[in-house]
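Undergrad: Build the 3D model from these lines:
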Amino acid sequence: MKHLLLGIALSVALFGCSDDKTKSETQAAADVAAGKVIAERECKGCHGLDGKGTAPAIPNLAGQRERYVFVSLMEYKERKRMHAALRDIAGQMTEAELHNVASYYAGLPPIPAAQGKVFSPYEHGKVLAAACANCHGEDGNSKIPGTPSLAGQQPRYFAVAVQEYLNRVREIDPMHSLLRELKGLDVESVALYFASQTPAQRPAAPFGDPVTGEPLTAVCGGCHGSHGVSTDAATPSVAGQDAQYLVNAIKAYGKTRHHPGMQRSIFGLTDKDIDNIAAFYVVQKSKAAESGQTLIQELTEKCNRCHGGDRDNPAMAVPKINGQDKDYLVMALRAYRDDKRESSVMHKMSLPYSDSVIESISSFYANQPAK
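TA: Next up, the predicted model:
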């Protein structure tokens with residue numbers, strides 16, 4: 001997991017001392033006044049004259065770093081950012097005018113932070129997961145033969161599996177009614193909750209031979225990891241899984257479930273081979289795939305390395321994000337993740353973020369006091 005919003009390395013001109021201090025201060029004041037005129041004419045419809053976004057997903061500019069606002073406007077002027085109106089507005093201004101309006105908004109008092117609740121995908125998922133407890137266990141460790149355990153399972157795989165039930169790719173009727181009401185954010189939250197639970201150590205299966213099954217898993221390890229513990233969020237862990245479920249799932253790939261890789265891998269396996277493979281995996285020790293309880297704290301600590309509130313140098317081109325509009329932060333992070341906003345660094349950092357994680361990070365910073 002990675003962190004939030006853009007850092008751009010820029011050279012900053014350093015001016016020597018001058019005896020003409022009064023002239024310098026007058027010029028600065030004149031620039032701010034000129035910037036206010038521009039803001040009145042071009043910007044207040046969206047960003048307000050007080051620097052507060054007039055609608056959700058419009059960023060607050062009040063108290064933002066002057067250098068960051070200027071660099072952002074230059075990116076619109078140079079058509080590096082995708083916003084038609086801002087491209088037109090910035091394109092008609094000189095660099096001096098962009099400096100003026102950036103200086104005006106930077107000099108305004110910050111907008112008070114939102115007084116909402118920070119969204120926790122782990123806690124949200126825990127509440128929703130209660131509906132799964134009767135079959136899959138309160139902590140995701142199922143005790144019903146033929147029913148899979150969800151504890152420690154990879155989150156992206158879980159989300160894909162849910163979609164397969166909803167799309168009737170997997171034909172298990174009870175799952176359809178339970179999952180139909182879940183939104184995407186809900187599914188990701190439940191996935192994170194179960195991924196963060198510790199899988200229980202299972203006793204040996206009542207069938208098959210784990211010693212004989214181990215060499216048969218050589219091909220399986222290429223995707224499912226050593227001893228069945230996956231390190232890929234989209235590939236399920238099979239270590240410590242219910243043996244009967246494993247047998248049923250493997251056989252289903254030969255009949256009703258479609259996955260070319262799995263179908264090639266199981267081709268030629270006998271029923272006895274499948275029993276032995278399941279017997280091997282059921283006694284392997286698994287582990288939690290995520291640490292959802294501390295995830296947001298860990299991520300925001302990384303974000304603060306660039307965006308921390310103590311970095312108040314106005315010459316920096318890294319934005320302040322404390323107290324920023326939550327919907328704007330969500331939109332910006334998704335744009336970086338989906339490679340729709342230029343920054344190879346931010347794209348790589350945000351690529352693993354699910355929408356639920358983006359929602360949580362954004363709500364966290366929106367509720368932090370702006371400085």
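
Undergrad: And residue 76, how close does it get to residue 89?
TA: 8 Å (C-beta to C-beta, to the nearest Å). For every residue, glycine as well, the C-beta is placed using N, CA and C.

Undergrad: An error on my part: the question was meant for residue 67.
TA: Separation of residue 67 from residue 89 (C-beta to C-beta): 19 Å.

Undergrad: Kindly report the same for residue 273.
TA: Per C-beta to C-beta, residue 273 is found 67 Å from residue 89.

Undergrad: got the phi/psi numbers for residue 161?
TA: As for residue 161, its main-chain torsions (degrees, to the nearest 10) stand at phi -60, psi -40.

Undergrad: Find me whatever residue is spatially closest to it, sequence neighbours aside.
TA: Computed as C-beta to C-beta, 6 or more residues apart in numbering, the closest residue to residue 161 that is not its neighbour in sequence is residue 170, at 7.2 Å.

Undergrad: What pLDDT does the model give that neighbour?
TA: Residue 170 is assigned a pLDDT of 79 by the prediction.

Undergrad: Now do the helices in the stretch 101-250 of the chain.
TA: 121-129, 133-136, 155-166, 173-179, 184-195, 210-213, 221-224, 243-253 (DSSP state H, counting those that start in this stretch).

Undergrad: The third one to helix 121-129, inter-axis angle?
TA: What that stands for is helix 155-166. Calculated by axes from the mean of the first three to the mean of the last three C-alpha atoms, to 10 degrees, helix 155-166 forms an angle of 30 degrees with helix 121-129.

Undergrad: Find the residue ranges of the stretch 151-300 of the chain scoring beneath the pLDDT cut-off.
TA: 173 (pLDDT under 70).

Undergrad: any idea how far residue 242 is from residue 206?
TA: Residue 242 is 12 Å from residue 206, by C-beta to C-beta.

Undergrad: of the two, who's got more company?
TA: Set side by side, residue 242 and residue 206 show more neighbours around residue 242, with 23 against 10, by other C-beta atoms under 10 Å.

Undergrad: thinking the more buried one is in contact with residue 141, fair?
TA: No - Residue 242 lies out of contact with residue 141 (C-beta atoms under 8 Å); the separation is 9.6 Å.

Undergrad: Name the residues contacting each of those two.
TA: Applying C-beta atoms under 8 Å, 6 or more residues apart in numbering, one finds that residue 242 and residue 141 are jointly contacted by residue 149.

Undergrad: care to break this structure down by domain?
TA: As recorded under automatic domain parsing, the domains making up the chain are 22-116+302-366, 201-287.

Undergrad: For the shortest one, give the distance from the opening residue to the closing one.
TA: In other words, domain 201-287. 10 Å (C-alpha to C-alpha, to the nearest Å).

Undergrad: cool, stretch 106-125 as well?
TA: Start-to-end, stretch 106-125 (C-alpha to C-alpha) is 39 Å.

Undergrad: Could you do stretch 323-342 as well?
TA: End-to-end for stretch 323-342, by C-alpha to C-alpha: 23 Å.

Undergrad: Any buried residues in that stretch, and which?
TA: 323-337, 341 (16 or more other C-beta atoms under 10 Å).

Undergrad: quick one: which two of the residues you listed are the most distant?
TA: Pairwise distances across the buried residues of stretch 323-342 (C-beta to C-beta) peak at 22.5 Å, for the pair 323 and 337.

Undergrad: residues near residue 296, how many?
TA: Neighbours of residue 296 (other C-beta under 10 Å): 20.

Undergrad: Skipping adjacent residues, who's closest to it in space?
TA: residue 360 (5.1 Å).

Undergrad: quick one: contacts for that neighbour?
TA: Shown in contact with residue 360 (C-beta under 8 Å, 6+ apart): 118, 119, 120, 121, 296.

Undergrad: got the angle for the strand or helix carrying it vs helix 184-195?
TA: Assigned by DSSP states H and E, residue 360 belongs to helix 355-366. Taking the same axes, to 10 degrees, helix 355-366 and helix 184-195 form an angle of 100 degrees between their directions.

Undergrad: Could you pull up the mean pLDDT of helix 355-366?
TA: pLDDT averaged over helix 355-366 gives 96.

Undergrad: Using PDB, write down the CA coordinates of that helix.
TA: The C-alpha trace of helix 355-366 is given here as PDB (Å, rounded to 0.1, in the frame of the first residue of the first chain):
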ATOM      1  CA  ASP A 355     -12.200   2.300  -3.500                       C
ATOM      2  CA  SER A 356     -12.800   1.600   0.200                       C
ATOM      3  CA  VAL A 357      -9.200   2.400   1.100                       C
ATOM      4  CA  ILE A 358      -9.400   5.600  -0.900                       C
ATOM      5  CA  GLU A 359     -12.600   6.500   0.900                       C
ATOM      6  CA  SER A 360     -11.000   6.000   4.200                       C
ATOM      7  CA  ILE A 361      -7.800   7.900   3.500                       C
ATOM      8  CA  SER A 362      -9.900  10.800   2.100                       C
ATOM      9  CA  SER A 363     -12.300  11.000   5.000                       C
ATOM     10  CA  PHE A 364      -9.300  10.900   7.400                       C
ATOM     11  CA  TYR A 365      -7.600  13.900   5.900                       C
ATOM     12  CA  ALA A 366     -10.900  15.800   5.400                       C
END
